[in-house]
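S.K.: Could you look at this predicted model? Sequence included:
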Amino acid sequence: MPLYRMTCPSCRKSTDVLAKVADRPDELPCSCGATMVRPIGLPARTRGMWGGVDTAHFNRGLGCHVSSHAEADRIARERGLVRLNNFDKYHVEDTVESSGNKWKQEADDSRVYTEKLSSGMGHEQAIAETFPVSKLQERGMLDPAIKGD
């Protein structure tokens, strides 16, 4: 059974009443002649209670429970992860575009190689003509110190 505190607003006398929830008293007579009432209590201001910044929660991105943003950042750093808001505004769009350009370039190379094979060229010669040294150096796939074409 819960314990209810009753306080007299006139004489400031208080008492505790043990009662069932259904029988909880709203008022009691006081010895001074006034009526004792239950005071309205405010919740304690605890760390993270108001605003929810530091309350424990399950972080779906990390796959574990964290008690604060600082802890989530620490776990992310340990796992080698970076928050999306730490990137440039158009990072995702730029990455998708560069990947698309790379795939398109690879498809074009494959088409050229296949055409050279179809024309009767051998594999070695088709590769040499499809991927000359200058093209591979331009794409950053070969060391610039390598000479030839």
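M.R.: Looks like it came in fine.
S.K.: low-scoring stretches of this structure, by residue?
M.R.: 42-55, 148-149 (pLDDT under 70).
S.K.: Please report how far the spatially most central residue of the chain lies from residue 119.
M.R.: Residue closest to the average C-alpha location in the chain (C-alpha atoms, centre = their mean): residue 61, at 5.2 Å. Separation of residue 61 from residue 119 (C-beta to C-beta, to the nearest Å): 52 Å. Any C-beta I mention is one placed from the backbone N, CA and C, and that applies to glycine too.
S.K.: do the same with residue 94
M.R.: On the measure of C-beta to C-beta, residue 94 and residue 119 end up 38 Å apart.
S.K.: chain center to stretch 60-68, what's the gap?
M.R.: 8 Å (C-alpha atoms, centre = their mean, to the nearest Å).
S.K.: so where do the helices sit in the protein?
M.R.: Ranges of helices within the chain are 69-78, 91-118, 123-130, 133-138, based on DSSP state H.
S.K.: one step back: tell me which of residue 94 and residue 119 has more neighbours.
M.R.: residue 94 (12 against 8; other C-beta atoms under 10 Å).
S.K.: Surely that one touches residue 88?
M.R.: Yes: taking C-beta atoms under 8 Å as the definition, residue 94 is a contact partner of residue 88 at 7.5 Å.
S.K.: From the recorded domain assignment, give the ranges for the protein.
M.R.: Using automatic domain parsing, the domain ranges for the chain come out as 3-37, 57-84, 101-149.
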